[in-house]
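In: What would the 3D arrangement of this be:
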Amino acid sequence: MRKLTLGLLATSMLTFTAAAAEAPAPLDVVLRPHASGGLADRMDVELHIAHPGVAAGQPLLRMPTTIVSTPTAGYDASAIVARDDKGPLPLAMADEAPTPTGTYRHYDVGRATVGDVVVRYGTPPRAVSVATRNGPLFDLRQQADGLMGAGVYFMALPAGEQPYRISLKWDLSGMPKGARGIWSLGEGDQSTVAPAELLAFSFYATGSVKSVPEEAKGNFGLYWLVQPPFDMNDLSTGIQRLYGYMAHFFKDDGAPYRVFIRANPYPAGGGTALARSFMFGYGVDGTTASSDTQMLLAHEMTHNWPKLDGGEHAATAWYTEGMAEYYSVVLALRAGVIDQAKFLRVVNDRASGYYTNPHVALSNTQAGAKFWSDARAQRVPYGRGFMYLARVDAEIRAKSGGTRSLDDLALEVLERQRSGEKVGLEQWVAMVVRELGEPARQEYEDMVAGKLIEPAPTGFAPCYRAVKAPQRPFDLGYDEMRLGVVADLRADSPAAQAGLKEGDVVVRSSPKQALMDDPTKQMEITVKRDGQERSFTYLPRGQAVTSWHWERVPGVEDSACHL
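Out: Next up is the predicted model:
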């Protein structure tokens with residue numbers, strides 16, 4: 001799995017202020033990580049909820065048992081100890097109906113609460129191995145001597161959407177000397193005003209955490225427990241520069257941002273964006289979700305800003321992911337973080353990912369139904385959104401004679417949202433129709449329905465032009481989110497035809513990203529079957545499909561490339 005952005009919800013939660021509600025109630029949180037033999041083995045949580053006033057039989061707490069295919073601690077009611085001013089508070093649990101993103105459990109009180117409520121519970125980190133299915137970085141995992149993960153894995157929180165005056169403290173007395181405690185919003189004790197769900201959709205790290213800068217003071221930092229196979233100082237310098245440029249562009253100067261990095265025990269990476277933060281994992285071979293860690297982080301940082309209100313995730317993912325794909329590369333170019341040559345490589349990679357996706361013709365709704373079972377369907381809104389928005393940008397520039405662009409629409413959406421307006425799909429359509437006339441409505445509907453998007457003739461002009469050329473789509477042949485074992489093998493795939501079988505345990509294989517980047521590269525894979533190792537070679541590509549890519553227009557200087 002490449003990346004997930006359910007955390008946009010958490011990012012938007014940070015817009016709450018004390019003025020958004022009258023005197024938000026306090027919610028005090030204490031995190032108590034525990035270590036045995038020098039290794040962190042548990043995370044305990046204590047909540048102090050001020051006067052919740054919950055009636056008998058109503059939910060006090062809520063958490064998912066699974067979220068986008070990832071299991072959580074999913075506590076039994078007996079594992080949660082609750083007390084109020086009257087004494088022990090009995091809890092009963094009930095699971096809600098599953099949704100496309102997961103299953104939630106709520107914990108109902110056996111009697112009406114009296115006064116403040118104190119809740120305690122805890123969990124060990126999730127046990128993972130080479131056979132673990134890759135997915136969102138929501139689980140709490142042991143890393144070196146510490147722990148790293150998202151709150152959604154281990155936190156049962158007050159039900160409801162009302163904002164609280166959240167105070168979060170770390171009790172590190174059960175950890176080795178020198179242990180640190182970091183939250184998405186900062187290191188050590190922190191406070192904010194937001195719904196309780198913000199605590200779930202943000203990241204936590206504890207133990208002998210390393211960081212850049214070393215003391216991680218200020219509004220930007222990178223954090224890890226296991227030393228990554230990257231130059232962290234170089235990565236931090238480039239990303240911090242780009243983040244500052246992005247924050248200025250989106251009129252959010254000084255906004256904080258933190259990046260958490262962890263190691264996976266299997267040969268796959270991935271990433272998840274949550275509240276003002278991002279976590280990415282890298283595989284045992286050093287692979288991340290992308291061959292370009294810089295652009296991966298650029299994409300995720302962009303998620304701090306563009307979003308649409310309302311609607312199912314599948315209906316708006318083209319905007320959140322498409323905007324992140326578009327502005328991560330365009331703003332990186334404007335900021336001078338990448339040059340024109342890299343810009344061209346990145347936009348062509350994104351175009352290729354769109355045209356060669358076997359699910360390119362699915363509607364947004366149809367693709368959304370497969371998001372968490374098929375990594376290829378999950379990629380649909382990335383490529384579709386990028387190609388659609390690049391086309392809209394070119395059309396607006398052409399229509400306005402270069403005086404307006406996609407920038408104007410992206411910033412207008414943000415400005416209206418910051419003033420309290422809900423801006424969703426209906427408002428977006430009205431905006432593009434205002435700019436381009438009624439044909440823009442049909443163009444939008446075609447995009448939603450899965451009609452193939454062709455580049456606008458003036459897209460990325462005058463420096464680049466779109467060229468039609470066939471491509472063979474990447475086809476690994478089995479579940480791309482579980483690279484330690486051959487699972488869900490498709491009988492008609494090159495992998496099956498080469499001799500791989502369902503259940504083969506992967507001993508070693510060519511890096512997936514290298515295979516995706518080079519259409520001529522053969523997969524070389526060794527598996528264990530019936531106690532014996534067997535090796536296979538195949539070209540992980542399907543039949544050629546229609547596609548476009550951009551090429552540089554000869555004779556046009558970089559100074560003319562006003563992107």
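
In: what about the nearest residue to P381 once chain neighbours are set aside, which helix or strand?
Out: Nearest residue to P381 in three dimensions, chain neighbours excluded: A317, at 3.7 Å (CB to CB, 6 or more residues apart in numbering). For the C-beta atoms, the positions are set from N, CA and C on the backbone; glycine is no exception. Assigned by DSSP states H and E, A317 belongs to helix 313-334.

In: Tell me how many other residues surround G110.
Out: Applying other CB atoms under 10 Å, we find 13 residues neighbouring G110.

In: no, scratch that, I was asking about P176
Out: 15.

In: Surely it touches G146?
Out: No. Between P176 and G146 there is no contact under CB atoms under 8 Å: 9.2 Å.

In: okay, and the common contacts of the two?
Out: G207, S208 (CB atoms under 8 Å, 6 or more residues apart in numbering).

In: Please list the outside residues in contact with stretch 488-502.
Out: Counting by CB under 8 Å, 6+ apart, residues outside stretch 488-502 touching it are 475-479, 486-487, 523, 525, 527, 529, 534, 536-542.

In: among these, which ones are buried?
Out: 475-479, 486-487, 523, 525, 527, 536, 538, 540-542 (16 or more other CB atoms under 10 Å).

In: now, the most widely separated pair of those?
Out: Farthest pair in the buried ones among the contacts of stretch 488-502 (CB to CB) is V527 and G542. Separation: 21.7 Å.

In: Please state the backbone phi and psi of G244?
Out: phi -60, psi -40 (degrees, to the nearest 10).

In: One more: A179?
Out: Phi and psi for A179, reported as degrees, to the nearest 10, are phi -60, psi 150.

In: ok, and the closest non-adjacent residue to it?
Out: Nearest non-adjacent residue to A179 (CB to CB, 6+ apart): L172, at 4.9 Å.

In: isn't that neighbour right up against G181?
Out: Yes. Using CB under 8 Å, L172 is in contact with G181, at 5.9 Å.

In: who's more crowded, the two?
Out: Per other CB under 10 Å, whichever of L172 and G181 has more neighbours is G181, with 24 against 20.

In: Hmm, Q190 and the more buried one touching each other?
Out: No. In terms of CB under 8 Å, G181 does not count as a neighbour of Q190; the distance is 9.7 Å.

In: Report the residue ranges of every domain in this structure.
Out: Domain assignment for the chain, taken from automatic domain parsing, gives 3-302, 313-466+553-560, 474-542.

In: The longest one: how far from the chain's middle?
Out: Once both centres are worked out by CA atoms, centre = their mean, to the nearest Å, domain 3-302 turns out to sit 13 Å from its chain's centre.

In: Verify the contact between S509 and M523 for me.
Out: Yes. With contacts defined as CB under 8 Å, S509 counts as touching M523 at a distance of 6.7 Å.

In: ok, P158 - contacts?
Out: L27, L47, I49, P52, L60, L61, R62, Y164, A196.

In: picking that back up, which one among the buried ones among the contacts of stretch 488-502 gets closest to Q417?
Out: Among those, and counting by CB to CB, the member closest to Q417 is D479, at 37.4 Å.

In: Look up how far S373 lies from the closest one.
Out: Separation of D479 from S373 (CB to CB, to the nearest Å): 9 Å.

In: can you put the domains of the chain in JSON lines and add mean pLDDT?
Out: As requested, the domains of the chain are arranged in JSON lines below (pLDDT from 0 to 100):
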{"stretch": "domain 3-302", "mean pLDDT": "91"}
{"stretch": "domain 313-466+553-560", "mean pLDDT": "96"}
{"stretch": "domain 474-542", "mean pLDDT": "94"}
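
In: Go through the contacts of P158 and flag which are in strands.
Out: Among the contacts of P158, the members found in strands (DSSP state E) are L27, L47, I49, L60, L61, R62, Y164.

In: dump the residue contacts of the fifth one.
Out: It stands for L61. Here L61 is in contact with I80, L91, H106, Y107, V119, A156, L157, P158, A159 (criterion: CB under 8 Å, 6+ apart).

In: Most neighbours among these, please name it.
Out: For the contacts of L61, neighbours were counted using other CB under 10 Å, and A156 has the most, 28 neighbours in all.

In: give the contact list for that residue.
Out: A156 touches L61, R62, M63, Y75, I80, Y107, V119, Y121, counting by CB under 8 Å, 6+ apart.

In: Relative to A55, how far out is it?
Out: Taken as CB to CB, the span from A156 to A55 is 19 Å.

In: repeat for A94
Out: With CB to CB as the criterion, A94 and A55 are 15 Å apart.

In: One more: R262?
Out: Per CB to CB, R262 is found 41 Å from A55.

In: again, but for R133
Out: Applying CB to CB to R133 and A55 gives a distance of 40 Å.

In: So the two - more neighbours on which side?
Out: Per other CB under 10 Å, whichever of R133 and A55 has more neighbours is R133, with 17 against 10.

In: Without its sequence neighbours, what residue ends up closest to the more buried one?
Out: R482 (4.4 Å).

In: and that neighbour, helix, strand or coil?
Out: For R482, the assignment made with DSSP: H, G, I helix; E, B strand; the rest coil gives coil.

In: hang on, it packs against A131?
Out: Yes. Assessed by CB under 8 Å, R482 is found in contact with A131 at 7.4 Å.

In: which one of these two has more residues nearby?
Out: R482 (21 against 14).

In: Quick check on that one: phi, psi?
Out: Torsion angles, degrees, to the nearest 10, at R482: phi -140, psi 80.

In: May I ask which two of the contacts of A156 are separated the most?
Out: R62 and Y121 (13.1 Å).

In: These two - which one has more neighbours?
Out: Y121 (22 against 18).

In: ok, back up a step: give me the buried entries from the contacts of P158.
Out: Applying 16+ other CB under 10 Å to those flags L27, L47, I49, P52, L60, L61, R62, Y164, A196 as buried.

In: If we ignore the residues flanking it in sequence, what's nearest the residue of the chain most remote from its centre?
Out: No residue in the chain sits farther from the centre than K86, which is 42.4 Å out by CA atoms, centre = their mean. Distance criterion CB to CB, 6+ apart; nearest residue to K86, sequence neighbours excluded, is V114 at 4.2 Å.

In: Quick check: that neighbour touching A82?
Out: No. Using CB under 8 Å, V114 is not in contact with A82; the gap is 11.9 Å.

In: So the two - more neighbours on which side?
Out: A82 (22 against 13).

In: State the number of residues packed around the residue lying closest to A315 once chain neighbours are set aside.
Out: Excluding its sequence neighbours, the residue lying closest to A315 (CB to CB, 6+ apart) is N364, at 5.9 Å. Per other CB under 10 Å, the neighbour tally for N364 reads 22.

In: picking that back up, in what helix or strand does the residue nearest to A179 lie?
Out: Using DSSP H and E, L172 falls outside every helix and strand.

In: can you pull the contacts of H562?
Out: G402.

In: Under a three-state scheme, what state does it occupy?
Out: coil.

In: now P176
Out: Relying on three-state DSSP, one would call P176 coil.

In: How about the contacts made by it?
Out: A35, G38, D145, G207, S208.

In: L389 belongs to a strand?
Out: No. Counting by three-state DSSP, one finds L389 to be helix, located in no strand.

In: Am I right that it is in contact with D407?
Out: No. Taking CB under 8 Å as the definition, L389 is not a contact partner of D407, at 11.0 Å.

In: Of those two, give the one with the bigger neighbour count.
Out: L389 (24 against 14).

In: how close does that one get to R350?
Out: 11 Å.

In: what number of residues lie near the nearest residue to L242 once chain neighbours are set aside?
Out: Closest residue in space to L242, ignoring its immediate chain neighbours: V337 at 4.8 Å, by CB to CB, 6+ apart. Using other CB under 10 Å, V337 has 19 other residues around it.

In: For the stretch 101-250 of the chain, which segments are assigned as strands?
Out: Using DSSP state E, counting those that start in this stretch, the strands of the stretch 101-250 of the chain run over residues 102-109, 117-123, 141-143, 146-150, 157-158, 163-170, 180-183, 186-187, 190-195, 203-207, 210-212, 220-224.
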